[in-house]
Structure formats: C-alpha cells, structure tokens
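# show me the folded form of this:
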Amino acid sequence: MSSSRVQPLMNVVRVKGVPILQQLHLEERLLRTSSQNWCIVNDGTNEPTIVMGISGKPAELLEIGSVLKDKIPVIKRFTGGGTVIVDHQTVFVTFICNTDALPSVQPYPRPIMSWSGQLYSKVFQGVGDFSLRENDYVFDNRKFGGNAQSITKGRWVHHTSFLWDYEMENMAYLKLPKRAPDYRQARDHLDFICRMKDYISRQEFINRTISALGSQFSVTSMELESLDNPNDTKFAPSTRLLRKQELEECFESESGNVILQSLFIPPEDFNLALLILDLEFVKKGTKDEQVDAVSLANQVRKRFANQIMTIGQKVTFEYHGMQKSNIERGMVSADTCIMFEAANSSGIKIVNQREAASSSIFWQKEFNLQSLGIGGLGAEFSDIF
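Predicted structure coming up:
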C-alpha cells in the first residue's frame, strides 16, 4: 500500500504598499527566527527607493550625485544580488522555506533558482516568451524580474522584484554594473528591461503565483498584523538605510567630486530650550543599567556645549542620542533643559528625571501657550516644571 507525501504548510501574506525597508526587516526576521514556510506578496512600496545587495558599492552602482540631489533613499539588504530601484509599480514576491519542505531542491543558489524558474513557468504559462536567463526572469530576452537569495542552516529565502511598470527617469539613478549577465550584451537599462504590465495584469499575476504554490504546498492566508512581534528584542536586522553621510563620502571619493558647503552662522537666540534624547546601548545585549538624569544631563551639556543639534541626529556618548523636537535645529547651551527617554526593552532605567527638568524651560523661549491651544494653563505649567 503506497502513501503520498503530505504537502508542507505555506503561510501566504498579501499586503499592498508596505515600505520596502519594513518588508525586508520582516523577511529577515522570519528567515532567522521562524521555523515555518512563508510567501510574502507586497503589491508596491510607498516611495521610490534604491535597494542594493549586501556587498553592493554605491560608487560603482549608483549615480550618487543625482541620488543625493533628489533625496532617493538607498537600502542595503541582507541578501546578495544586484541593485534595483523600486516604487509603487513594483510587485514583490518572497519565498522563505525550510530545506526539508522541498527535499528535491538542494539548498544552493542554482537549485533554488531553478526551482523558482519552474514555478514561474506555471505562472506565466501562455503569457509571452518566459524564461529564466542566468539569474533573471525575462520575456523575449528582456528582464522584468530580478532575484536575490540568502541561505542559512536549514532555511533559505528567495525574493524577487517584478517590474510591472516603471518610470524611465528612475533608471537614470543606476549605473551600468561592471558585472552583468552575458545576455545583457552591454544594453542600457531601457533596452534591457521590459514592463510586465504589457503581458499580464497585477491581480492575475498574484493570483496565479499563489495558485502555483498550491501544487507543492498546503497554502493558508495570514494577516500582516499577526506577524508583529515587538517583544523580540534579540533580533537585530542587518538590512539598513544608508546614511546621507555615507553617500556623500562615496560621492566625494569618486573622481574627486566636491560637495559644496556654505558657512552657517547661528542667528540670535538660537540656544535650545529643551532637548529630548532617546537612550540606547551601543552594543546589544548589554546588562540593565540605571541612569541618573541629572548627572548625565550635566555631562551632555559639558561634552556638547555650543554644538548644533538637529532632528534625527545620532551621537555616541556612552549612549546614542536622538533629538526629538518640532524645531529643526538649535545649539546646546548651559541653560538647555535635557530630558531622556528609553524603550521599555532597552534595559535602561532613568532616575531623577524630574530633578533634571528646569522650571523655566517653557519661558526662556517665550512660549505662547495660547497659540498652542492651552491658554490659561500658565500656572499649571509652572507648578509642573
């Protein structure tokens, strides 16, 4: 009596417009902390973003001057592969699998790529002249899907950015890579790629992909909200957004480029009245520590006296500090009131916070409480602060 193999379970998460950085963080977390199989389909991201492989070098792959000028975010993901610019017209499909879920697929790049090509051959059956060329999905020798992978012990991820459509001007942010597939034949981006929308609708493509999975997995739907795990403090994603300073340094080192800077002269009354800092350990896993707000505030004032701080700025001073204010920037002075915040999971306990606050923080800048919609509460604020 023969018995057929029970199909492994595949959790399918369908979302729309999730920021690509959030998606990549989720994928990396599921790869490293989950023991289940996952398929994530994200129908577009929220804004044009450049995504590079883990070993990608901005100076070799990007027109950094244009990227900086137009403020295009650049992400370095946790997987290998090439560089792509994505936006709301890109469709993302990711498979995260246990190696024993597909025992016939060896956990190496080429077998996984071959498996994916066979799967998408079913998806695109009767649609154009689909094929897997080297590491790309193509119609008639023109690329519409780029792939990247990461393989760990017992698990792997294979994710694809599908160009359902694209803006031609966005391709100008990317350089012709030094290492390119042979079939590209030095074609520029516009001659090398095609639009998937000329062959199939977005909804039909997504439905066909999930249907094709059903031939190898028992498919079940999951909601994105059910995957939130704010208490998972041990996981730290390696996928990250490149800082502006990093891109500027790459730009300056490329062919002697110079970024013009102008002298900033602080205006009168530029001192900060209130600075709120988020505290975080430099090294993850550091033991819990109690922080005296009064002592640390005095050290910060001394260390950063006359230093101009701006929103989102990070500084290393035993802890990372990030200013949070509706004012874009200001200068730390002896009169600056400094207060501290720390996430519940950070292991940092702040004491003497009240003593660190100055009773004049709302008056030294001549705050107009009436304009804030809380007129008549001056006495109450004086009692509090």
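
# so, low pLDDT: which residues of the stretch 151-300 of the chain?
Applying pLDDT under 70 to the stretch 151-300 of the chain flags residues 228-233, 254-265, 268, 280-287.

# the helices in it, which residues?
The residue ranges that make up the helices of the stretch 151-300 of the chain, judged by DSSP state H, counting those that start in this stretch, are 189-192, 202-213, 244-253, 293-303.

# out of the ones you listed, nearest to A59?
For the helices of the stretch 151-300 of the chain, the distance to A59 is smallest for helix 244-253, at 4.5 Å, taking Cβ to Cβ. C-betas here are computed from N, CA, C, even on glycine.

# packing partners for that closest one?
Contacts defined by 3 or more Cβ pairs under 8 Å, 6 or more residues apart in numbering; DSSP states H and E place helix 244-253 against helix 58-61, helix 64-69.

# which residue ranges make up each domain of the protein?
Domains of the chain are assigned by automatic domain parsing as 9-253, 274-384.

# deepest-packed of these, please.
The highest mean neighbour count among the domains of the chain, using mean count of other Cβ atoms under 10 Å, belongs to domain 9-253: a mean of 17.

# for the stretch 1-150 of the chain, give me the ranges with low pLDDT.
Low-confidence segments of the stretch 1-150 of the chain, defined by pLDDT under 70: 1-4.

# all helices for it, in order.
20-33, 58-61, 64-69, 109-123.

# about what we covered before: mind putting the helices of the stretch 151-300 of the chain into JSON lines with distance to L102?
Formatted as JSON lines, the helices of the stretch 151-300 of the chain follow (distance: least, Cβ to Cβ, whole Å):
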{"stretch": "helix 189-192", "distance to L102": "31"}
{"stretch": "helix 202-213", "distance to L102": "11"}
{"stretch": "helix 244-253", "distance to L102": "38"}
{"stretch": "helix 293-303", "distance to L102": "53"}
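
# right, and the ones you listed - which one's nearest N42?
Across the helices of the stretch 151-300 of the chain, closest to N42 is helix 202-213 (Cβ to Cβ), at 10.1 Å.

# packing partners of the closest one?
Using 3+ Cβ pairs under 8 Å, 6+ apart, helix 202-213 sits against strand 9-16, strand 37-43, strand 90-98, helix 109-123.

# so which of those comes closest to A172?
Short answer: strand 90-98, nearest of those by Cβ to Cβ, at 16.9 Å.

# ok and that closest one relative to helix 202-213, angle-wise?
Taking axes from the mean of the first three to the mean of the last three Cα atoms, to 10 degrees, one finds strand 90-98 and helix 202-213 inclined to each other by 10 degrees.
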